[in-house]
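Peer 1: mind looking at a prediction? Sequence and model below.
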Amino acid sequence: MDVKKLKVDLSRFDTAPVTSVSRVKLTPAGCALDIGDGSERGEYVCQDYILNRLGRPHRNVGLMYTYYPLDKEWPKRSSEAYPDMEVHGQWDYPYDDYFPYGGGINGDRNSSVFRQMRDIRRHGQDVTLTLTIDIRVNDDYLTAIAKDLRSFGRIWLRINHECAGTWFTHNRRYGYKEIADFFVRFHNILKKEAPNVTTVFCSGFIKPDGKMEHEEDFLEAFRAADVLSADKYFSLHHGWPFDVCDKGDGTYTVNDRHDASGYIDVVTKTIARLKEINGGVVKPFSASEFNADGDVTGPELQGEAMLDFARHIMSRGIEGFRNLSLYQFRDRGRLGLEMEDPNCPEVGIEQPLMKDYIWMMNQKFFEPGLELLEKLEPGADLKLPMRWGAADDAEGLRLTVSLEKKPVFFEMSFSEELNLMISVNGRWFYKSPGVRMIDCMPAFFGSDGKEIESPGEIEVLIFAPPADGENPVTDEKDWDINYRTVLTELPGFRIRYESCL
């Protein structure tokens, strides 16, 4: 049954509980929270599920893809193209075992990468696309990718990440200077063909001698990139999934056991050195992969270092540190908020890290701010412009709703075919264009529920991300970074304080 086609009786919904209406703007958090969703270690999880588990959207959601179109077996995934190959590590395949990027020259706009990017953006988030790419490809290939990304708003692109290492295909096939030169070449093409794309150069950290890893080779890439980045785990079982690690084995590392002080120190010094390289300019720094491995710490202690770092940055901050991205939501190993059920990959098994992460998500420092733009009359005719730029730059609506006490039923109805992200009492909900009614009671019970005064008022926020997940081409000069629509009618409310018993 297609519930979107049902004719629902909405006569019991009205706007009587609304006491004030304002136009508001989302602003950046003190430190933005991003999350990885799918990689060589796990499948993509739809955004409806993640939103319902965590209670609010992220700023960015990370995807991981690879593009080696000049290889003979392309576009098969590497592990599928070489099923009989003897491998002893995750990166032993001829090219990286990420999902194949389905775009580019003669690409398929309905392939998984595009479906996932649309899903992410419909749910009020932007995309961080990690792309390992063969640097042999000519400018035509890169121009085609840039054109692929033009309609996806403020997308971040990590090009050949962790490039100070030795494990990825780009490091095994090419030198560090070649990798940096390719980054600059691709960056310049993007600025011409898709200026909405933010480029991320993910290399390494500062060395004991005070210089960056491969600093001379990477110099021009450091200067060209929009965002600088490095990946570091508090602990990591790098032999996964080819061995089981026990204490004393050589297949795992522990950088900072249950204390983030070493991580804080190296990140602070790295950002300071990058500032010097860029002539005193502090470029945003992203911790694009951030976690401790439960294979090493055990599930119960996994979140300790993460919470230690969160408390430090909330109280003291780190200059230039703008976001961290947890790796990842669901994992076949122990690097996720959920572990993939081996009997049914579509099922996730919650880990103790989930509780720690939700605590961090609910701290004001990691939440977007809210700026008042204009107060409106609740009963006035609306023709309210809605602008979606990003999860931390969007103009929408704030309603104040009066409550007698904690409700038994709290539902909202909508007459317009709009794609909306809605916050009720601090808990976020998604409404797709065909949905007429949403049940908002999860905002009042369980771990997401906040205390309600009797009587009291709560805040309802409404924003409108792109309905198709892409920005349509319009006459506006900024069409590729801002999506605009108009709200002409307030939602209706059905609030009840007694059940039908």
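Peer 2: It's in. Just so we're clear, the structure is a prediction, and the values are computed from it rather than from any experiment.

Peer 1: where along this structure do the helices fall?
Peer 2: Counting by DSSP state H, the chain has these helices, from start to end: 47-54, 78-81, 112-122, 139-149, 169-173, 176-193, 215-224, 261-277, 294-297, 304-315, 353-361.

Peer 1: compare those helices and give me the one nearest residue 429.
Peer 2: Residue 429 sits nearest to helix 47-54 of all those, at 7.8 Å, using CB to CB. Placement of C-beta: from N, CA and C, glycine included.

Peer 1: what residues of that closest one count as buried?
Peer 2: By neighbour count, and taking 16 or more other CB atoms under 10 Å as the criterion, the buried residues in helix 47-54 are 47, 50, 51, 53, 54.

Peer 1: just stretch 29-48 next, same as before
Peer 2: Buried residues in stretch 29-48, counted by 16+ other CB under 10 Å: 29-42, 44-45, 47.

Peer 1: for the chain, which helix or strand comes out least confident on mean pLDDT?
Peer 2: Lowest on mean pLDDT, DSSP states H and E among the helices and strands of the chain sits strand 253-254, with a mean of 88.

Peer 1: and it, what does it pack against?
Peer 2: Secondary-structure packing of strand 253-254 (3 or more CB pairs under 8 Å, 6 or more residues apart in numbering; DSSP states H and E): strand 235-236.

Peer 1: cutoff 6 Å now
Peer 2: Here strand 253-254 touches no other helix or strand, going by 3 or more CB pairs under 6 Å, 6 or more residues apart in numbering; DSSP states H and E.

Peer 1: low-confidence regions, the chain specifically.
Peer 2: Counting by pLDDT under 70, the chain contains low-confidence residues at 1-7, 256-258, 378-381, 446-454.

Peer 1: the most centrally placed residue in it and residue 35, how far apart?
Peer 2: For the chain, the residue lying nearest the average C-alpha position, counting by CA atoms, centre = their mean, turns out to be residue 61 (1.9 Å). With the distance defined as CB to CB, to the nearest Å, residue 61 ends up 6 Å from residue 35.

Peer 1: cool, and residue 333?
Peer 2: 16 Å.

Peer 1: just residue 194 next, same as before
Peer 2: Counting by CB to CB, the gap from residue 194 to residue 35 is 24 Å.

Peer 1: what does residue 242 give?
Peer 2: From residue 242 across to residue 35, the span is 26 Å (CB to CB).

Peer 1: ok, residue 462 next?
Peer 2: The gap separating residue 462 from residue 35 is 24 Å, by CB to CB.

Peer 1: then residue 266?
Peer 2: According to CB to CB, residue 266 stands 23 Å off from residue 35.

Peer 1: ditto for residue 386
Peer 2: Separation of residue 386 from residue 35 (CB to CB) stands at 25 Å.

Peer 1: residue 344 now?
Peer 2: Where residue 35 is concerned, residue 344 sits at a distance of 22 Å (CB to CB).

Peer 1: what's the closest non-adjacent residue to residue 342?
Peer 2: Excluding its sequence neighbours, the residue lying closest to residue 342 (CB to CB, 6 or more residues apart in numbering) is residue 332, at 7.8 Å.

Peer 1: isn't that neighbour up against residue 39?
Peer 2: No: using CB atoms under 6 Å, residue 332 makes no contact with residue 39, being 9.6 Å away.

Peer 1: what's residue 45 sitting at in phi/psi?
Peer 2: Its backbone dihedrals place residue 45 at phi -110, psi 130, with angles given as degrees, to the nearest 10.

Peer 1: contacts for stretch 14-26?
Peer 2: With contact meaning CB atoms under 6 Å, 6 or more residues apart in numbering, stretch 14-26 is reached by 368, 370-376, 378, 392, 394-395, 398-402, 490, 492-493, 495.

Peer 1: which of the residues you listed are buried?
Peer 2: 368, 376, 392, 394, 395, 398, 399, 401, 490, 492, 493, 495.

Peer 1: thinking again about what came up before, centre of the chain to the least confident helix or strand of the chain, how far?
Peer 2: For strand 253-254, the separation from the chain centroid amounts to 26 Å (computed by CA atoms, centre = their mean, to the nearest Å).

Peer 1: cool, and stretch 162-174?
Peer 2: Relative to where its chain is centred, stretch 162-174 has its mean C-alpha point 25 Å off (CA atoms, centre = their mean).

Peer 1: quick one: end-to-end length of it, please.
Peer 2: Using CA to CA, to the nearest Å, the end-to-end distance of stretch 162-174 comes to 14 Å.

Peer 1: mind listing what's buried in it?
Peer 2: So for stretch 162-174, counting by 16+ other CB under 10 Å, buried means 162, 163, 164, 168, 169, 170, 171, 174.

Peer 1: repeat for stretch 10-22
Peer 2: Within stretch 10-22, the residues that count as buried by 16+ other CB under 10 Å are 13, 17, 18, 21, 22.

Peer 1: as JSON lines, these with distance to residue 68 would be great.
Peer 2: As requested, those are arranged in JSON lines below (distance: CB to CB, whole Å):
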{"residue": "13", "distance to residue 68": "54"}
{"residue": "17", "distance to residue 68": "57"}
{"residue": "18", "distance to residue 68": "55"}
{"residue": "21", "distance to residue 68": "53"}
{"residue": "22", "distance to residue 68": "51"}
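
Peer 1: how about those, which pair is most distant?
Peer 2: Among those, the pair separated by the greatest distance (CB to CB) is 13 and 22, which sit 21.3 Å apart.

Peer 1: what sits up against stretch 469-480?
Peer 2: For stretch 469-480, contacts defined as CB under 6 Å, 6+ apart pick out 118, 121, 122, 150, 151, 153, 196, 483.

Peer 1: how many neighbours does the fourth one have?
Peer 2: In this case it means residue 150. For residue 150, the number of neighbouring residues by other CB atoms under 10 Å comes to 19.

Peer 1: list the contacts for it?
Peer 2: Shown here is residue 150, whose contacts under the criterion CB under 6 Å, 6+ apart are 194, 480.

Peer 1: if we use 10 Å, what do you get?
Peer 2: With contacts defined as CB atoms under 10 Å, 6 or more residues apart in numbering, the neighbours of residue 150 are 190, 193, 194, 195, 196, 197, 470, 471, 473, 479, 480.

Peer 1: do a quick rundown of the strands in the stretch 401-501 of the chain.
Peer 2: Assigned by DSSP state E, counting those that start in this stretch, the strands in the stretch 401-501 of the chain fall at 409-413, 420-424, 427-431, 437-439, 456-463, 483-487, 492-496.

Peer 1: list the buried ones in the shortest one?
Peer 2: The neighbour-count check on strand 437-439 (16+ other CB under 10 Å) flags 437, 438 as buried.

Peer 1: centre of the chain versus that strand, how much separation?
Peer 2: Strand 437-439 has its average C-alpha position 25 Å from the chain's average C-alpha position, going by CA atoms, centre = their mean.

Peer 1: again with the first one
Peer 2: What separates the centre of strand 409-413 from the centre of its chain is 29 Å, taken as CA atoms, centre = their mean.

Peer 1: same question for stretch 383-403.
Peer 2: Taking CA atoms, centre = their mean, one finds stretch 383-403 lying 20 Å from the centre of the chain it belongs to.

Peer 1: next, the distance between the ends of it.
Peer 2: Stretch 383-403 end-to-end distance (CA to CA) = 27 Å.

Peer 1: run through the residues that contact the nearest residue to residue 77 once chain neighbours are set aside.
Peer 2: Leaving aside its chain neighbours, residue 77 sits nearest to residue 100 (5.8 Å; criterion: CB to CB, 6+ apart). Residues in contact with residue 100, defined by CB under 10 Å, 6+ apart, are 65-69, 74-78, 80-81, 111-113.
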